[in-house]
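[1] requesting a structural model of the entry that follows:
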Amino acid sequence: MSKKTIGIFIGSLRRDSFNRKIANFVISLAPSDFEFKIIELGDLPVYNQDYDDDGTPPPAYNKFREQVKEVDGFLFVTPEYNRSVPAVLKNALDVGSRPYGQSVWDGKPGGIISVSPGHLAAFGANHHLRQSMVFLNVLMLQQPEAYIGDVADILDEKGNVVPERSIKFLQQYITAFVKWVNLISEKK
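    So this is what the prediction gives:
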């Protein structure tokens, strides 16, 4: 059985991002037959179809598209901005979905962990992202759902998840996600 690679997409560019801390913690939970790697979004120029139409996409588009093509599945870790997904994450979805008919997202398994310092746990972002996944044909893990609210209360000063219940929940989520990726991979 070959090792599966999961691309992690973090919707926050903030230097001290809670989302990046959760993503890094999740990486530590990966089983030995999986590799979780962060695919950076901050250097992607805003999507402009003219680049593709003219055959001159920015090198960052090409690099990103190749990175996404190479992975076996996707894990999105996102905050909520104005009851939706951050622009950097939406832009990445757009860059990867074009040129039309050449989407790098198509038919692969995915999952979402939404993260917030507030009580609502980025519920709106989680569900808005799911809407885009339907069109992109990313086969989303439905259950369990992962909403991490009050995130500052579960991280120590080094960014580690501390409460045992939170560690257990994230481990259960990753176990279900890995099972989902394996199931989808078998069907291909």
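[2] buried set for the helix or strand encompassing F9?
    Assigned by DSSP states H and E, F9 falls within strand 4-10. Buried residues in strand 4-10, counted by 16 or more other CB atoms under 10 Å: K4, I6, G7, I8, F9, I10. To be clear about C-beta, it is placed using only N, CA and C from the backbone, and glycine gets the same treatment.
[3] neighbouring strands - and their directions - for it?
    Taking DSSP bridges as the criterion, strand 4-10 forms sheet pairs with strand 34-38 (parallel), strand 73-78 (parallel).
[4] what about the last one, average pLDDT?
    Strand 73-78 carries an average pLDDT of 98.
[5] what does that strand rub up against?
    Residues from elsewhere that reach strand 73-78 (CB atoms under 8 Å, 6 or more residues apart in numbering): 4, 6-12, 19-20, 22-23, 26, 36, 68, 85-86, 89, 105, 108-115, 122, 125-126, 129, 138, 177, 181, 184.
[6] for PyMOL, what selects the buried ones among these?
    Command for PyMOL that selects the buried part of the contacts of strand 73-78, burial taken from 16+ other CB under 10 Å:
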select buried, resi 4+6+7+8+9+10+11+12+19+20+22+23+26+36+68+85+86+89+105+108+109+110+111+112+113+114+115+122+125+126+129+138+177+181+184
